[in-house]
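S.K.: Sequence below, structure please.
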Amino acid sequence: MLVRSFVGSLLALVLLSGCGKNRPAATAASAGGTGKPAATQIIRIGNGGEPRDLDPQAEVGIPEHQICRALFEGLVTEDPKDLHPTPGVAERWEISDDGRVYTFHLRPNAKWSNGDPITADDYVQSYRRMLSPNFAAEYASLVYNFMARGKDYYEGRLKDFSQVGAKALDPHTLQITLEHATPYLLKIIASHASWTAIPPRVVTKFGALDAKGTAWTRPGNLVGNGPFLLKEWTPHQRIVVVRNPYYWDAANVKPDELVFFPTESQVVDERMFRTGQVDMTYELPTAKIAVYQREDPAALHIEPYLGVSFYRCNVARPPLNDKRVRQALALAIDREAIVSHVLRGGQMPAYAVSYPGVAGYSPKARITGTLADAKRLLAEAGFPDGRGFPNLELTYNTSDTNQAVAEAIQAMWRRDLGVNITLVNQEWKVYLDAQQTKNYTLARAGWIADYVDPHTFFELWETDNGNNDTYWSNATYDRLLHAALAAKTTEERYALYQKMDAILVDELPVIPIFYYSMIRAVNPKLHGYYPTLLDNHPFKYFWLEQ
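M.R.: Predicted coordinates for the structure are as follows:
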């Protein structure tokens, strides 16, 4: 483990970021409440960025995920307190003795937001879309690695979708057959939109079923099955959703309206909270943590968050095609100083790609070495003391925290390796497009668990996974991944993960930096918000005091 002092420069970065001294307004965040619900329940939420689309099967980031969770509901949904799977569109289900066949019984009163009944065939057609090579869903692997013959269909070896493990036994009975028993399948279905249905009859009014980016997700066109329906989408200003009268549990949906603000600036987000314009921020600026701890601790939330921040390497581009360069860059990052003096919000330094302690699994492989090792590796790669090293671009999506971390690492690499990088800031949608077209060299990224199981930190590094975006491919890693999917016991599965972690730490297609914590401000008058590892919060339970 590389630990050394970098306090002076990092503290300077923090001081330059500024620190507000205004106390959050009592009317917005800290006044005592009556305990009674407000007459009209309009809840305003900072969303972190402009969503690229509101198609749940095409979502790739948190800004899309948050809103899609309001508009769509899965077969299984999540308990608001601990996220354990609870009935959603399916009122009940059975699992076969061998764990491979799930039979879901849809609610007779489950309807789309246009009043049409939700049928088992809607799910079958939705899975056909999700696995269509033309649709090219980034999360297709979250279905095809589990559903029987799903990968054969996705990769074109099977043309007849009726041979895939999704069957409508009758209008209200859906049967899913898996390749292997998957004890954590219900967690995946509950937490991730890849298993959610879309309304096929509505989607095909605006283009092919497997087309992306059509007008079906615009206000007036979008039909969902969640607690809310889309009322307004004013780009870069706000997205408004209102209560869905056709939702099966509409009587128990507490908010009348949710308003999402796509504010990429944490400073603006916090200012909106302080002036009463939002009830919950997306994040808080680091410089504001101490202010809230001192002046309004009831509004400050610092919570565990199951995710890892890393720098993604385009391994097809020199010099990052040489793993010695990637290893040298990884060793020259002082993670302890970053979490202590730049982030200061309970984050943990990351020396592996997978998250420690998830469902009893912790990686044994770790990034280890000294600064001398980093310099030696860089010299072996042909860049002694950084001489001849090209000026790389490090891309990051707009965020005050992302910028502060990038500037700190930029200074470390310049000082200790003689390596210069240029920082490039991109708006969320532009950033996503650059990642998915691999039009970058080095990029800030992060992975938030899709479900509470260690597998979520391994599947995306499979060759050709829609979220890999690095050009990295390792046949041994792929073989181990599929062996883990077929493992008979948890112990066998976790032993395979240890081997995969060792490959990731050696190859470093991504350079881990820190494990997240969630830092935000929440109006103490907002009820129904509970800390969760995935930062999922079923909005239908939210309500505001008078």
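
S.K.: Can you list the buried residues in stretch 200-214?
M.R.: By neighbour count on 16 or more other C-beta atoms under 10 Å, the buried set for stretch 200-214 is 200, 202-203, 209-210, 214. All C-beta spots, glycine's among them, are computed from the backbone N, C-alpha and C.

S.K.: Show me the two of those that sit farthest apart.
M.R.: V202 and D210 (14.5 Å; C-beta to C-beta).

S.K.: quick one: contacts for I188?
M.R.: By C-beta atoms under 8 Å, 6 or more residues apart in numbering, the contact list for I188 reads 142, 146, 182, 194-195, 450-451.

S.K.: switch to 10 Å and redo it
M.R.: 74, 76, 85, 142-143, 146, 182, 194-195, 450-453, 455-456 (C-beta atoms under 10 Å, 6 or more residues apart in numbering).

S.K.: ok but it is inside a helix, no?
M.R.: Yes - per DSSP: H, G, I helix; E, B strand; the rest coil, I188 lies within a helix segment.

S.K.: Name the nearest residue to the residue nearest in space to the middle of the chain, sequence neighbours excluded.
M.R.: The centroid of the chain falls nearest to I448 when counting by C-alpha atoms, centre = their mean (4.1 Å). Spatial nearest neighbour of I448, excluding adjacent residues (C-beta to C-beta, 6 or more residues apart in numbering): G307 at 3.8 Å.

S.K.: ditto for A449
M.R.: L306 (4.0 Å).

S.K.: Report all helices and strands that whatever helix or strand the one you found lives in contacts.
M.R.: Here L306 sits within strand 300-313, counting by DSSP states H and E. Contacts defined by 3 or more C-beta pairs under 10 Å, 6 or more residues apart in numbering; DSSP states H and E place strand 300-313 against helix 289-295, helix 323-331, strand 392-397, helix 400-417, strand 442-448, strand 510-521.

S.K.: where do the helices sit along the stretch 1-150 of the chain?
M.R.: Secondary structure of the stretch 1-150 of the chain by DSSP state H, counting those that start in this stretch: the helices cover 7-16, 62-71, 120-130, 141-144, 150-154.

S.K.: so which of those helices gets nearest K499?
M.R.: With C-beta to C-beta, the closest approach to K499 among the helices of the stretch 1-150 of the chain belongs to helix 141-144: 19.7 Å.

S.K.: what's that closest one packed up against?
M.R.: If you count contacts as 3+ C-beta pairs under 10 Å, 6+ apart, helix 141-144 packs onto helix 120-130, helix 150-154, helix 185-191.

S.K.: Quick one: those helices as TSV, columns for distance to G276 too.
M.R.: Formatted as TSV, the helices and strands packed on helix 141-144 follow (distance: least, C-beta to C-beta, whole Å):
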stretch	distance to G276
helix 120-130	40
helix 150-154	48
helix 185-191	31
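
S.K.: N474 is nearest to which of these?
M.R.: helix 150-154 (18.1 Å).

S.K.: Of all the residues in the closest one, which ones are buried?
M.R.: Using 16+ other C-beta under 10 Å as the test for burial, helix 150-154 gives 150-151, 153-154.

S.K.: Extract the C-alpha trace of it and format it as CSV.
M.R.: Extracted C-alpha coordinates of helix 150-154, given in CSV (Å, rounded to 0.1, in the frame of the first residue of the first chain):
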residue,chain,number,x,y,z
GLY,A,150,-30.6,-15.4,-23.9
LYS,A,151,-27.0,-15.0,-24.9
ASP,A,152,-27.5,-17.3,-27.9
TYR,A,153,-30.3,-14.9,-29.1
TYR,A,154,-28.3,-11.8,-28.3
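
S.K.: just to revisit the earlier point, same list, the helices and strands packed on helix 141-144, but as JSON lines with distance to I95 and mean pLDDT please.
M.R.: Formatted as JSON lines, these follow (distance: least, C-beta to C-beta, whole Å; pLDDT from 0 to 100):
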{"stretch": "helix 120-130", "distance to I95": "17", "mean pLDDT": "98"}
{"stretch": "helix 150-154", "distance to I95": "18", "mean pLDDT": "97"}
{"stretch": "helix 185-191", "distance to I95": "9", "mean pLDDT": "96"}
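
S.K.: closest to A39 out of these?
M.R.: Nearest of the helices and strands packed on helix 141-144 to A39, taken as C-beta to C-beta: helix 185-191 at 32.6 Å.

S.K.: Just checking the distance from the next helix or strand after the closest one to the centre of its chain.
M.R.: Next helix or strand after helix 185-191 toward the C-terminus (DSSP H and E): helix 200-203. Centroid separation for helix 200-203 versus its chain: 27 Å, with C-alpha atoms, centre = their mean, to the nearest Å.

S.K.: from here on, count from 721
M.R.: Sure thing, new numbering starts at 721, so read that last one as helix 920-923.

S.K.: other SSEs contacting helix 920-923?
M.R.: helix 840-850.

S.K.: Give me the distance from the helix it packs on to the chain's centre.
M.R.: Worked out by C-alpha atoms, centre = their mean, helix 840-850 lies 23 Å from the chain centre.

S.K.: if we can go back for a sec, nearest to I1009, of the helices and strands packed on helix 861-864?
M.R.: Evaluated with C-beta to C-beta, the helices and strands packed on helix 861-864 place helix 905-911 nearest to I1009, the distance being 27.9 Å.

S.K.: residue boundaries of the strands in the stretch 721-870 of the chain?
M.R.: Taking DSSP state E, counting those that start in this stretch, the strands of the stretch 721-870 of the chain run over residues 762-766, 796-798, 805-807, 810-815, 821-826.

S.K.: Output those strands in a markdown table, with mean pLDDT appended to each entry.
M.R.: Output for these, formatted as a markdown table (pLDDT from 0 to 100):
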| stretch | mean pLDDT |
| --- | --- |
| strand 762-766 | 98 |
| strand 796-798 | 97 |
| strand 805-807 | 97 |
| strand 810-815 | 98 |
| strand 821-826 | 98 |
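
S.K.: Redo these as a markdown table? Include mean neighbour count and distance to I1223.
M.R.: Output for the strands of the stretch 721-870 of the chain, formatted as a markdown table (neighbours: other C-beta atoms under 10 Å; distance: least, C-beta to C-beta, whole Å):
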| stretch | mean neighbour count | distance to I1223 |
| --- | --- | --- |
| strand 762-766 | 22 | 38 |
| strand 796-798 | 23 | 32 |
| strand 805-807 | 17 | 32 |
| strand 810-815 | 15 | 33 |
| strand 821-826 | 21 | 32 |
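
S.K.: Compare those strands and report which one is nearest to D1198.
M.R.: Nearest of the strands of the stretch 721-870 of the chain (C-beta to C-beta): strand 821-826, 26.1 Å.
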